[in-house]
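Asks: My questions are about this predicted structure, shown below with the sequence.
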Amino acid sequence: MDWFLKEFDELSLDELYEILKLRAEVFVVEQDCAYNDLDDKDQMALHLFLKDGGEIIAVSRILPENVAFEDMAIGRVIVKKEYRGHGIAKKIMQKAIDYIIKDLKKDKIRLSGQAYLVRFYEDLGFKKVSDVYLEDGIDHFEFSYEVKK
C-alpha cells in the first residue's frame with residue numbers, strides 16, 4: 001500500500017475519478033444522503049490518499065485556512081468499506097495532522113465530523129467546540145485541534 005499527497009492539479013484524471021467515485025459511494029449512496037459533494041473546495045485542497053495496488057482505498061482532503069474554517073481543515077475522510085476496521089482511518093487522519101503541523105507549520109486544525117465519530121476524533125486529540133448541528137441530514141459537531149505550546 002502506498003500513500004500519496006497531491007494538489008488538485010497533480011491528480012491524474014483516473015485518480016480524481018476514483019476519489020470522487022469513492023466519496024459518492026460512501027457519502028451519497030451508503031449514508032443515503034443527497035448533497036452536493038462538488039463544493040469548489042477540491043481545487044484548493046491537498047488530497048491525501050492510500051492506494052492498494054492501483055485502487056484508491058482511503059481519501060481525505062486538507063484545506064487551507066479561510067476555505068472551510070479560519071484554521072486549516074481536514075475533511076472528506078473515507079475508507080473503502082471492505083478496508084474498514086484495520087486502523088486506516090486513524091492513519092490517514094494522523095498523516096494529515098502531522099503534515100499540517102510539521103510541514104505547513106500550522107498549530108490549529110478544524111473539522112466538521114459526524115456525531116457518531118466523537119470518540120474517534122477525541123482519541124486523535126480533537127475537542128468538540130460546538131453543539132450538535134444538522135449537516136446534510138446527519139448530526140455533526142465542529143472539532144478543533146490545537147498544538148500544545
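Replies: Happy to help now that I have it. Numbering: from 1, shown residues only.

Asks: Strands of this structure, residue ranges please.
Replies: Along the chain, the stretches classed as strands by DSSP state E are 2-7, 46-52, 55-63, 72-79, 108-114, 127-128, 133-135, 138-146.

Asks: For this protein, name the helix or strand with the lowest mean pLDDT.
Replies: The helix or strand of the chain with the lowest confidence, counting by mean pLDDT, DSSP states H and E, is strand 133-135 at a mean of 92.

Asks: Within its sheet, name the partner strands of that one and how each one runs.
Replies: strand 138-146 (antiparallel) (DSSP bridges).

Asks: What are the contacting residues of the strand it pairs with?
Replies: 31, 33, 71, 97, 107-116, 118, 121, 124-134 (C-beta atoms under 8 Å, 6 or more residues apart in numbering). C-beta here means a position set from N, CA and C on the backbone, and glycine is covered the same way.

Asks: Test my guess that Leu104 contacts Glu65.
Replies: No - using C-beta atoms under 8 Å, Leu104 makes no contact with Glu65, being 9.7 Å away.

Asks: For these two, list the residues in contact with both.
Replies: Common neighbours of Leu104 and Glu65 (C-beta under 8 Å, 6+ apart) are Met72.

Asks: residues near the closest residue in space to Glu55 that isn't next to it in sequence, how many?
Replies: Leaving aside its sequence neighbours, Glu55 sits nearest to Glu18 (C-beta to C-beta, 6 or more residues apart in numbering; 7.4 Å). Residues near Glu18, counting by other C-beta atoms under 10 Å, number 19.

Asks: ok, Glu18 to Tyr99 distance?
Replies: 21 Å (C-beta to C-beta, to the nearest Å).

Asks: With Lys81 instead?
Replies: Taking C-beta to C-beta, one finds Lys81 at 25 Å from Tyr99.
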